[in-house]
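> Following is a predicted model, sequence given first.
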Amino acid sequence: MKADPQYAPEHLALEAVRRLGPEAARWTARMRAERPEAGPDELAALAIKRFTNQARLSGAVSGAAGLPGAVIDVGVLSWTQARMVLHVAAAYGHDPEGPERATELLILQRVHKYAESARAALGVAAGREHASRVFTGASGAPMARVLVTLGVRLAQMAGVRAAKRVVVKVIPLGGMVLGTWANSVATKDLAKRARERYRKG
């Protein structure tokens, strides 16, 4: 993502499906074996609770760590939210390893409004990822600019749209509480959208 920060959300979505899709499938199979009476809504609620708690924890840590922690947290939060969405999809019977999940991640996280634009961006990111394996080397952009672009794109993906949501995480003493709140709100909003989408099929 540092090598191609403009397409950071797309790279993250592709990698999430590759790495986290199998995990979500295994978790759902295990939960169904352990709780045969549990329906899709109950399994989705378990996943949402698990990953919302993880998002709160990372928000508290970033609040305690100041600005560097806040920058890192948007990446961690995006990854945690992707895990949650894939688990929710699996709970409702959708293949968490299916390539269409990457498109849905970008739409649910409001990086793209339409499936067509999300698919096009994923195609560009996948092509650039492939090209980077062939043509290795630095992009030539100053690292500070790369990190700013990366942070902004991941914050957008994680639902941290307002600058104040990042700023509140670096307020002395109150940063832990406010970081927890900001991550919790963004993750709960995403969970609601994911449940609505996958429940409808």
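Happy to help now that I have it. Numbering: from 1, shown residues only.
> From now on I want contacts and neighbour counts done on CA atoms only, so please keep to that.
Will do.
> how about low-confidence regions in the chain?
1-2, 59-73, 129-179 (pLDDT under 70).
> Show me where it has its helices.
For the chain, the helices defined by DSSP state H occupy 8-34, 40-65, 67-91, 100-108, 115-134, 143-158, 163-167, 175-200.
> measure the closest residue to residue 101 other than its chain neighbours to residue 104 for me?
In space, and not counting its chain neighbours, residue 101 is closest to residue 17: 6.8 Å by Cα to Cα, 6 or more residues apart in numbering. When distance is defined by Cα to Cα, to the nearest Å, residue 17 is 11 Å away from residue 104.
> Need the winner for burial among the helices of the chain.
Of all these, helix 67-91 has the most neighbours on average by mean count of other Cα atoms under 10 Å, namely a mean of 25.
> which helices and strands sit right next to it?
Packing partners of helix 67-91 (3 or more Cα pairs under 8 Å, 6 or more residues apart in numbering; DSSP states H and E): helix 8-34, helix 40-65, helix 100-108, helix 143-158, helix 175-200.
> tell me the angle of that helix relative to helix 8-34?
With axes from the mean of the first three to the mean of the last three Cα atoms, to 10 degrees as the basis, helix 67-91 and helix 8-34 are set at 50 degrees to each other.
> Alright, calling it a day.
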